[in-house]
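> next come a sequence and a model predicted from it.
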Amino acid sequence: MRTTRNPSAYPLWSLLALGILAGGSPQGARAQAQTFDLVLAGGRVMDPESGLDAVRHVGIIGGSIAAISAQPLDGREMVNVGGLVVAPGFIDLHAHGQDPVSSRFQAMDGVTTALELEGGVSPVAQWYADREGRWIINYGATVSHGGARFQAMPDTTPQGLAAVYRSARPNELDRIRSSIRQGLDEGALGIGFGIQYTPGATHEEIMQMFALGAERGVTSFVHDRSFGLIEPGGTVEAVQEIISNAVVTGASVHMVHVGSSGLGQVPLVIDMIAGAKGRGLDITTEVYPYTAASTSIESAIFDPGWRERLGADYNDIEWVATGERLTAESFARYREHGGMVIAHIIPQEMVDYAVAHPLVMIASDGVPFVNGRAHPRGAGTFARVLGRYVRENEALTLMEALRKMSLMPARRLEKAVSQMRNKGRMRTGADADITVFDPAVVIDRATFAEPAQSSAGIVHVIVNGTFVVRSENLVQAASPGVAIRRAVGLVP
């Protein structure tokens, strides 16, 4: 345990500026007199909303931050965090690993809220019910457009792929729309689209579902229709579809993983998003800090012509279960049976550009671990940004990184999801979702060869006032995570 920092060590000018000398403030006096459930004492508190970056003491009562004070506070439990950064818990808008193993890895990476927004879920109510009272971090999801297609479209094909490759008939479109409405009524955070995974969905269908999102005041979280170097049908056209749908319908839209969607055209794609945003569209994007994508080998992404579209070859594809690089023969064999692959196809300079860009959030796109195997982004995304991009490369400041990982994701959702207004901030009244880390040590340890390794330097993680990581160790019995959910039963 660290020794408590001596309050007399604070510079005299800072005490005067805060009004602590020459009478002090009534609020500070009240805070000092109160006994808190937990006090994080003497850490470097950083709040991307207000710009606060100073040594402070944080008092927590129940699940909320009750005080942030330059004066020492009294608590039933005192934890000295001198020399450590005390920041809002990281919010991952793109976490497919919605299982206990993946959630524990994310907690060790500083994540306090992990949301499944791209793919979404269906049925929504059951998905939330399955996690209630059992989750280590906060959880939530959109309603899945792809899931709605599978429910609405009877499948008589031997491969069971009608909902993937066939256009929906008018009555099926009505059922898709009805299924999405039901999911929103059950509290879904928005609508999730994996358009590239359902190429049979027409431009008109997607536009209609964007319109439904606009009608209900929620964001559409979108994996675009295609990515690749060949036009027409490549990245630029796919991004144009998203932007034009937002213009026509008035929808709020978030385009996922700009690195893998943009490939070698990331600056152009971000310029397109920035231009649309500058003309009043509610549009945002994100990136994970890795040069490899990950998905299922049987998906439409690897339909014939994929090597030309992606500018890749078989050897760029890694079979997750074994780590082997594929050949034409092994690709065909694995594709027949299905399974997860890692595609080493994103130029490093494109990832670096997106991570540093002020409009781009950080999100993991983490996929579930199976027998300890998965893309390392599910375990190391946030510590990787802090360690490699902030400390080692100085590509962005620490405050900028925290903004991308906490405040920006919270703001992306807060118009439709009231819970998010008290997340992503270090201020009185905010939820006590807090990540405490050592900026001199924090780093990702998960690698493509050994992905099931927790990050280093994430010292404490608190979710709703309860430790889930303490002294860099997982608190095994902790389950303070709550559902992030829109008000149920909203009327269209």
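That came through fine.
> alpha carbons only for contacts and neighbour counts from here, please
Will do.
> what residues are up against the residue sitting nearest the centre point of the chain?
The C-alpha lying nearest the average C-alpha coordinate of the chain belongs to D92 (CA atoms, centre = their mean; 2.0 Å). Neighbour list for D92: V111, T113, A114, L115, I362, A363, S364, M405, P409 [criterion: CA atoms under 8 Å, 6 or more residues apart in numbering].
> Serialize those to TSV and add fields for distance to V436, neighbour count and pLDDT.
Output for the contacts of D92, formatted as TSV (distance: CA to CA, whole Å; neighbours: other CA atoms under 10 Å; pLDDT from 0 to 100):
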residue	distance to V436	neighbour count	pLDDT
V111	11	30	98
T113	15	29	98
A114	17	29	98
L115	21	24	98
I362	18	30	98
A363	19	28	98
S364	19	28	98
M405	14	28	98
P409	19	24	98
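> before we move on, the earlier item: just the pLDDT at the residue nearest to the centre of the chain, thanks.
Among the per-residue scores, D92 shows a pLDDT of 98.
> same thing with L229?
79.
> hmm, back to that, among the contacts of D92, which lie within strands?
V111, T113, A114, L115, I362 (DSSP state E).
> where does this structure dip in pLDDT?
Low-confidence segments of the chain, defined by pLDDT under 70, are located at 1-33, 156-160, 489-492.
> can you show me the strands along the stretch 51-200 of the chain?
Along the stretch 51-200 of the chain, counting by DSSP state E, counting those that start in this stretch, strands occupy 53-61, 64-69, 74-80, 85-88, 90-92, 111-121, 138-144, 190-194.
> could the ones you listed be laid out in a markdown table, adding distance to A293?
A markdown table is the format used below for the strands of the stretch 51-200 of the chain (distance: least, CA to CA, whole Å):
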| stretch | distance to A293 |
| --- | --- |
| strand 53-61 | 35 |
| strand 64-69 | 37 |
| strand 74-80 | 39 |
| strand 85-88 | 28 |
| strand 90-92 | 17 |
| strand 111-121 | 15 |
| strand 138-144 | 21 |
| strand 190-194 | 15 |
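> between the ones you listed, which one is nearest to D431?
strand 64-69 (4.4 Å; CA to CA).
> out of the ones in strands among the contacts of D92, which is nearest to L310?
I362 (23.1 Å).
> any idea how far that closest one lies from P72?
34 Å (CA to CA, to the nearest Å).
> ok, F437 next?
The value you get for F437 to P72, if CA to CA is used, is 20 Å.
> looking at those two, which has the bigger crowd around it?
Neighbours per residue (other CA atoms under 10 Å) separate F437 from P72, with F437 holding more: 28 against 23.
> quickly list what that one is bridged to.
V85, I458 (DSSP bridges).
> got a list of what it touches?
Going by CA under 8 Å, 6+ apart, the list of residues near F437 reads L84, V85, V86, G457, I458, V459, H460.
> format those residues as CSV; extra columns: neighbour count and distance to I243.
Output for the contacts of F437, formatted as CSV (neighbours: other CA atoms under 10 Å; distance: CA to CA, whole Å):
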residue, neighbour count, distance to I243
L84, 22, 42
V85, 23, 38
V86, 30, 37
G457, 23, 40
I458, 29, 38
V459, 23, 41
H460, 25, 40
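> of those residues, which pair is most distant in space?
Taking CA to CA, the two most distant members of the contacts of F437 are V86 and G457; they sit 12.5 Å apart.
> for V45, which residues make a bridge with it?
Where V45 sits in a bridge, its partners, by DSSP bridges, are A54, V86.
> what's the separation between it and E237?
Counting by CA to CA, the gap from V45 to E237 is 44 Å.
> my read is V341 is in a strand, agree?
Yes - assessed with DSSP: H, G, I helix; E, B strand; the rest coil, V341 lies in a strand.
> i'd like the first residue to be 33 from this point on
I'll keep to 33 as the first residue from here, and by that count the last item is V373.
> so it sits against T354, correct?
No - with contact defined as CA atoms under 8 Å, V373 does not count as touching T354 (10.0 Å).
> out of those two, which sits in the busier spot?
V373 (27 against 10).
> list the contacts for the more buried one?
S326, T327, S328, I329, I349, E350, W351, V352 are the contacts of V373 under CA under 8 Å, 6+ apart.
> in TSV: those residues, plus neighbour count and distance to N170.
Output for those, formatted as TSV (neighbours: other CA under 10 Å; distance: CA to CA, whole Å):
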residue	neighbour count	distance to N170
S326	21	24
T327	16	24
S328	16	26
I329	23	30
I349	23	33
E350	22	32
W351	21	31
V352	23	28
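> quick one: which of those is nearest A433?
The closest of these, once distances to A433 are taken by CA to CA, is S326, at 23.8 Å.
> excluding its backbone neighbours, what's nearest that closest one?
Nearest residue to S326, sequence neighbours excluded (CA to CA, 6 or more residues apart in numbering): I374, at 4.3 Å.
> how far away is S276 from G461?
Going from S276 to G461 by CA to CA gives 39 Å.
> do the same with I100
10 Å.
> look at those two and report which has more neighbours.
With neighbours defined as other CA under 10 Å, I100 and G461 compare such that I100 has more, 23 against 16.
> which residues does the more buried one contact?
R88, H89, V90, G91, R459, T460.
> in stretch 471-489, which residues are buried?
By 16 or more other CA atoms under 10 Å, the buried positions in stretch 471-489 come out as 471, 474-478, 480, 483-489.
> endpoint to endpoint, it covers what distance?
7 Å.
> also stretch 308-319?
By CA to CA, one end of stretch 308-319 lies 18 Å from the other end.
> just to revisit the earlier point, show me the contacts for the residue nearest to S326.
A324, A325, S326, T327, I349, E350, W351, V352, H407.
> just those residues: which are in helices?
Among the contacts of I374, DSSP state H puts none in helices.
> can you redo those residues as JSON lines with distance to A308?
As requested, these are exported to JSON lines (distance: CA to CA, whole Å):
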{"residue": "A324", "distance to A308": "27"}
{"residue": "A325", "distance to A308": "26"}
{"residue": "S326", "distance to A308": "28"}
{"residue": "T327", "distance to A308": "29"}
{"residue": "I349", "distance to A308": "34"}
{"residue": "E350", "distance to A308": "36"}
{"residue": "W351", "distance to A308": "38"}
{"residue": "V352", "distance to A308": "37"}
{"residue": "H407", "distance to A308": "32"}
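> out of these, which is nearest to M110?
Distances from M110 to these, taken by CA to CA, are shortest for H407, at 37.5 Å.
> specify the beta-bridge partners of the nearest residue to I349 once chain neighbours are set aside.
Excluding the flanking residues, the one nearest I349 by CA to CA, 6+ apart is A375, at 4.6 Å. A375 has these beta-bridge partners by DSSP bridges: A325, I349.
> can you get me a residue count around A375?
25.
> and the helices in the stretch 233-382 of the chain?
Ranges of helices within the stretch 233-382 of the chain are 235-248, 267-281, 290-294, 298-310, 338-342, 360-369, 380-388, based on DSSP state H, counting those that start in this stretch.
> now, which of the contacts of F469 sits nearest F68?
V118 (17.2 Å).
> wait, doesn't that closest one sit right on V468?
Yes - taking contacts as CA under 8 Å, V118 lies within contact range of V468: 4.6 Å.
> now do the contacts for R444.
With contact set as CA under 8 Å, 6+ apart, R444 has these partners: T316.
> what is the three-state secondary structure of it?
Secondary structure of R444, per three-state DSSP, is helix.
> ok so, going back, pick the most deeply packed of the helices of the stretch 233-382 of the chain.
helix 290-294 (a mean of 28; mean count of other CA atoms under 10 Å).
> what about G337, how many residues close to it?
Neighbours of G337 (other CA under 10 Å): 10.
> and A161, by the same measure?
When neighbours are defined as other CA under 10 Å, A161 has 11 of them.
> picking that back up, of the contacts of F469, which is the nearest to H369?
Distances from H369 to the contacts of F469, taken by CA to CA, are shortest for I490, at 38.8 Å.
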